[in-house]
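Q: Dropping the sequence and predicted coords here.
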Amino acid sequence: MGYHRAGFAVDGCDIVARPRYPFAYHRGDALDYLAHLIATGEIERYTLVHASPPCQAGCTLTVGTNASQGWGGAHTDLVASTRGLLDASGLPYVIEQPNGRAQIRKDLTLCGEMFGLGVLRHRNFELGRWATAQPSHPRHRGHVRGHRHGVRRDGPYVAAYGNGGGKATVAEMQQAMGITWTDVREELTEAIPPAYTQWIGRAFQTARQEVFA
(Lines give C-alpha, C1' and ligand atoms only; values in the text may rest on other atoms or scores of the structure.)
Protein backbone atom coordinates (compact mmCIF):
# COMPACT_ATOMS: atom_id res chain seq x y z
CA MET A 1 0.00 0.00 0.00
CA GLY A 2 2.83 2.40 0.78
CA TYR A 3 4.43 1.91 -2.64
CA HIS A 4 1.02 2.46 -4.23
CA ARG A 5 0.65 5.73 -2.34
CA ALA A 6 4.12 6.71 -3.53
CA GLY A 7 2.95 6.32 -7.13
CA PHE A 8 3.92 2.76 -8.08
CA ALA A 9 1.77 0.14 -9.81
CA VAL A 10 2.11 -2.80 -7.43
CA ASP A 11 2.21 -6.57 -8.04
CA GLY A 12 2.40 -8.93 -5.07
CA CYS A 13 3.30 -12.57 -4.52
CA ASP A 14 2.83 -14.89 -1.55
CA ILE A 15 2.69 -18.63 -1.08
CA VAL A 16 -0.76 -18.56 0.53
CA ALA A 17 -4.05 -17.06 -0.59
CA ARG A 18 -4.45 -13.38 0.33
CA PRO A 19 -7.95 -12.48 -0.91
CA ARG A 20 -7.83 -9.13 0.88
CA TYR A 21 -4.66 -8.04 -0.92
CA PRO A 22 -5.75 -4.91 -2.80
CA PHE A 23 -3.44 -5.12 -5.84
CA ALA A 24 -2.47 -7.51 -8.64
CA TYR A 25 -1.52 -10.80 -6.98
CA HIS A 26 0.29 -14.02 -7.87
CA ARG A 27 -0.08 -16.97 -5.52
CA GLY A 28 3.00 -19.15 -5.37
CA ASP A 29 6.53 -19.45 -4.06
CA ALA A 30 8.01 -15.96 -4.34
CA LEU A 31 11.50 -17.20 -5.20
CA ASP A 32 10.17 -19.48 -7.95
CA TYR A 33 8.10 -16.61 -9.31
CA LEU A 34 11.04 -14.21 -9.26
CA ALA A 35 13.21 -16.80 -11.01
CA HIS A 36 10.48 -17.18 -13.66
CA LEU A 37 10.30 -13.42 -14.21
CA ILE A 38 14.08 -13.28 -14.65
CA ALA A 39 14.21 -16.30 -17.01
CA THR A 40 11.41 -15.01 -19.25
CA GLY A 41 12.59 -11.41 -19.28
CA GLU A 42 9.31 -10.25 -17.74
CA ILE A 43 11.33 -8.74 -14.91
CA GLU A 44 12.19 -5.87 -17.27
CA ARG A 45 8.72 -4.35 -16.86
CA TYR A 46 9.42 -3.66 -13.19
CA THR A 47 11.28 -0.74 -11.63
CA LEU A 48 11.94 -1.93 -8.06
CA VAL A 49 11.60 -5.23 -6.20
CA HIS A 50 10.75 -5.41 -2.50
CA ALA A 51 11.24 -8.72 -0.69
CA SER A 52 10.27 -9.65 2.85
CA PRO A 53 11.59 -13.20 3.35
CA PRO A 54 10.11 -15.14 6.29
CA CYS A 55 11.72 -13.59 9.35
CA GLN A 56 11.25 -16.31 11.96
CA ALA A 57 14.74 -17.78 11.58
CA GLY A 58 16.50 -14.63 12.77
CA CYS A 59 13.96 -12.45 14.54
CA THR A 60 14.43 -11.31 18.12
CA LEU A 61 11.65 -13.52 19.49
CA THR A 62 13.07 -16.69 17.91
CA VAL A 63 16.70 -16.14 18.90
CA GLY A 64 15.80 -14.70 22.31
CA THR A 65 12.77 -15.79 24.35
CA ASN A 66 11.79 -18.82 22.26
CA ALA A 67 15.34 -20.18 22.15
CA SER A 68 15.85 -19.73 25.89
CA GLN A 69 12.57 -21.52 26.66
CA GLY A 70 12.91 -24.26 24.06
CA TRP A 71 9.81 -23.05 22.24
CA GLY A 72 9.08 -23.11 18.53
CA GLY A 73 10.55 -25.21 15.77
CA ALA A 74 13.16 -24.97 13.05
CA HIS A 75 12.93 -22.14 10.54
CA THR A 76 14.62 -21.87 7.16
CA ASP A 77 16.62 -18.73 6.47
CA LEU A 78 15.74 -17.55 2.94
CA VAL A 79 17.56 -14.21 3.01
CA ALA A 80 20.65 -15.38 1.11
CA SER A 81 18.69 -17.12 -1.65
CA THR A 82 16.41 -14.09 -1.95
CA ARG A 83 19.38 -11.76 -2.31
CA GLY A 84 20.93 -14.02 -4.94
CA LEU A 85 17.86 -13.76 -7.15
CA LEU A 86 17.51 -10.05 -6.54
CA ASP A 87 21.11 -9.55 -7.63
CA ALA A 88 20.41 -11.67 -10.73
CA SER A 89 17.36 -9.56 -11.56
CA GLY A 90 19.50 -6.52 -12.35
CA LEU A 91 16.93 -4.26 -10.68
CA PRO A 92 17.16 -2.01 -7.64
CA TYR A 93 15.73 -3.82 -4.64
CA VAL A 94 14.78 -3.70 -0.98
CA ILE A 95 15.08 -6.58 1.52
CA GLU A 96 13.12 -6.10 4.77
CA GLN A 97 13.73 -7.88 8.07
CA PRO A 98 12.98 -7.20 11.76
CA ASN A 99 15.57 -6.66 14.44
CA GLY A 100 17.44 -9.83 15.33
CA ARG A 101 20.15 -11.84 13.61
CA ALA A 102 18.96 -11.72 10.02
CA GLN A 103 22.00 -11.45 7.74
CA ILE A 104 21.17 -8.23 5.92
CA ARG A 105 22.89 -4.88 5.75
CA LYS A 106 21.00 -2.35 7.81
CA ASP A 107 21.16 0.38 5.20
CA LEU A 108 17.95 1.82 6.56
CA THR A 109 16.05 1.39 9.83
CA LEU A 110 12.51 2.68 10.24
CA CYS A 111 10.37 2.97 13.37
CA GLY A 112 6.72 3.82 13.89
CA GLU A 113 7.63 6.84 15.98
CA MET A 114 9.17 8.40 12.87
CA PHE A 115 5.67 8.55 11.42
CA GLY A 116 3.63 9.23 14.56
CA LEU A 117 2.21 5.70 14.64
CA GLY A 118 0.91 3.66 17.56
CA VAL A 119 3.53 0.93 17.09
CA LEU A 120 7.31 0.94 17.27
CA ARG A 121 7.82 -2.01 14.91
CA HIS A 122 11.48 -1.42 14.06
CA ARG A 123 12.35 -2.80 10.64
CA ASN A 124 15.69 -2.95 8.82
CA PHE A 125 16.12 -2.64 5.07
CA GLU A 126 18.98 -3.63 2.80
CA LEU A 127 19.03 -1.50 -0.34
CA GLY A 128 20.45 -2.98 -3.53
CA ARG A 129 21.65 -0.81 -6.44
CA TRP A 130 20.46 2.39 -4.81
CA ALA A 131 20.91 4.31 -1.58
CA THR A 132 19.28 6.93 0.59
CA ALA A 133 20.14 8.67 3.84
CA GLN A 134 18.95 7.28 7.16
CA PRO A 135 16.27 9.57 8.67
CA SER A 136 16.65 10.67 12.27
CA HIS A 137 15.19 8.31 14.85
CA PRO A 138 13.15 10.29 17.41
CA ARG A 139 13.18 9.24 21.03
CA HIS A 140 10.37 6.88 21.96
CA ARG A 141 7.58 8.46 23.99
CA GLY A 142 7.24 5.54 26.40
CA HIS A 143 6.74 1.78 26.60
CA VAL A 144 4.86 -0.69 24.48
CA ARG A 145 1.70 -1.57 26.36
CA GLY A 146 1.57 -5.08 27.73
CA HIS A 147 2.98 -7.72 30.05
CA ARG A 148 6.60 -8.75 29.54
CA HIS A 149 9.09 -10.57 31.72
CA GLY A 150 6.82 -10.37 34.74
CA VAL A 151 6.18 -6.62 34.41
CA ARG A 152 2.99 -4.97 33.21
CA ARG A 153 3.43 -1.57 31.56
CA ASP A 154 1.20 1.01 29.96
CA GLY A 155 2.41 3.14 27.10
CA PRO A 156 1.54 4.93 23.87
CA TYR A 157 2.35 1.92 21.63
CA VAL A 158 0.58 -1.41 21.18
CA ALA A 159 2.15 -4.82 20.63
CA ALA A 160 1.05 -5.87 17.14
CA TYR A 161 2.17 -9.49 17.41
CA GLY A 162 1.15 -12.68 19.20
CA ASN A 163 -1.75 -13.15 21.61
CA GLY A 164 -2.24 -12.57 25.32
CA GLY A 165 -0.18 -10.47 27.67
CA GLY A 166 -1.90 -7.27 26.67
CA LYS A 167 -1.23 -7.69 22.95
CA ALA A 168 -3.19 -5.44 20.62
CA THR A 169 -6.65 -6.35 19.36
CA VAL A 170 -7.26 -6.51 15.63
CA ALA A 171 -8.89 -3.07 15.66
CA GLU A 172 -5.99 -1.62 17.65
CA MET A 173 -3.45 -3.04 15.19
CA GLN A 174 -5.37 -1.65 12.24
CA GLN A 175 -5.48 1.81 13.75
CA ALA A 176 -1.91 1.78 15.05
CA MET A 177 -0.38 0.76 11.70
CA GLY A 178 -2.79 2.48 9.33
CA ILE A 179 -4.03 -0.75 7.74
CA THR A 180 -7.69 -0.94 6.73
CA TRP A 181 -7.85 -3.56 3.95
CA THR A 182 -7.51 -6.65 6.16
CA ASP A 183 -8.84 -7.73 9.53
CA VAL A 184 -7.00 -11.05 9.55
CA ARG A 185 -4.86 -11.14 12.69
CA GLU A 186 -2.08 -13.22 11.14
CA GLU A 187 -1.76 -10.78 8.24
CA LEU A 188 -1.67 -7.80 10.58
CA THR A 189 0.99 -9.31 12.83
CA GLU A 190 3.20 -9.98 9.78
CA ALA A 191 2.64 -6.57 8.17
CA ILE A 192 4.73 -3.43 8.25
CA PRO A 193 2.99 -0.05 8.30
CA PRO A 194 2.42 1.36 4.80
CA ALA A 195 4.02 4.60 5.98
CA TYR A 196 7.37 2.77 5.83
CA THR A 197 7.11 1.69 2.19
CA GLN A 198 5.60 5.02 1.16
CA TRP A 199 8.70 6.71 2.60
CA ILE A 200 10.99 4.20 0.86
CA GLY A 201 9.15 4.56 -2.45
CA ARG A 202 9.50 8.32 -2.41
CA ALA A 203 13.15 8.09 -1.36
CA PHE A 204 13.80 5.73 -4.28
CA GLN A 205 12.13 8.10 -6.73
CA THR A 206 14.24 10.97 -5.41
CA ALA A 207 17.41 8.88 -5.73
CA ARG A 208 16.56 8.01 -9.35
CA GLN A 209 15.91 11.64 -10.24
CA GLU A 210 19.29 12.60 -8.79
CA VAL A 211 21.02 9.92 -10.89
CA PHE A 212 19.44 11.08 -14.13
CA ALA A 213 19.56 14.82 -13.37
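A: Right, received. Where do you want to start?

Q: Which helix or strand in the protein has the lowest average pLDDT?
A: helix 60-61 (a mean of 53; mean pLDDT, DSSP states H and E).

Q: buried set for the longest helix along the chain?
A: Residue-count comparison of every helix in the chain, with assignments taken from DSSP state H, identifies helix 194-212 as the longest. Neighbour counts over helix 194-212 (16 or more other C-beta atoms under 10 Å) mark Pro194, Ala195, Tyr196, Thr197, Gln198, Trp199, Ile200, Gly201, Arg202, Ala203, Phe204, Ala207 as buried. All C-beta atoms are positioned from the backbone trio N, CA, C, and that covers glycine.

Q: Give the residue spans of the chain that score low on pLDDT.
A: In the prediction, the chain carries residues with pLDDT under 70 at positions 56-75, 213.

Q: Taking the buried residues of helix 194-212 together, which two end up most distant?
A: Spatial extent of the buried residues of helix 194-212 (C-beta to C-beta) is set by the pair Pro194 and Ala207 at 19.9 Å.

Q: Give the other helices and strands that the longest helix of the chain contacts.
A: Packing contacts for helix 194-212, counted by 3 or more C-beta pairs under 8 Å, 6 or more residues apart in numbering; DSSP states H and E, involve helix 2-5, strand 108-110.

Q: can you list contacts of that helix?
A: 1-3, 5-8, 48, 50, 92, 94, 108, 110, 112, 114-115, 117, 123, 125, 130-132, 135, 177-179 (C-beta atoms under 8 Å, 6 or more residues apart in numbering).

Q: The same query, at a cut-off of 6 Å, please.
A: Outside helix 194-212, the residues that touch it by C-beta atoms under 6 Å, 6 or more residues apart in numbering are Met1, Gly2, Tyr3, Arg5, Ala6, Phe8, Leu48, Leu110, Phe115, Trp130, Thr132, Gly178.

Q: Just put those residues in TSV and tack on neighbour count.
A: Supplementary listing: the contacts of helix 194-212 in TSV, determined by neighbours: other C-beta atoms under 10 Å:
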residue	neighbour count
Met1	19
Gly2	20
Tyr3	22
Arg5	15
Ala6	18
Phe8	19
Leu48	18
Leu110	23
Phe115	18
Trp130	16
Thr132	17
Gly178	18
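
Q: export those to JSON lines and tack on distance to Gln103?
A: Supplementary listing: the contacts of helix 194-212 in JSON lines, determined by distance: C-beta to C-beta, whole Å:
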{"residue": "Met1", "distance to Gln103": "28"}
{"residue": "Gly2", "distance to Gln103": "25"}
{"residue": "Tyr3", "distance to Gln103": "25"}
{"residue": "Arg5", "distance to Gln103": "30"}
{"residue": "Ala6", "distance to Gln103": "28"}
{"residue": "Phe8", "distance to Gln103": "27"}
{"residue": "Leu48", "distance to Gln103": "22"}
{"residue": "Leu110", "distance to Gln103": "19"}
{"residue": "Phe115", "distance to Gln103": "27"}
{"residue": "Trp130", "distance to Gln103": "20"}
{"residue": "Thr132", "distance to Gln103": "21"}
{"residue": "Gly178", "distance to Gln103": "30"}
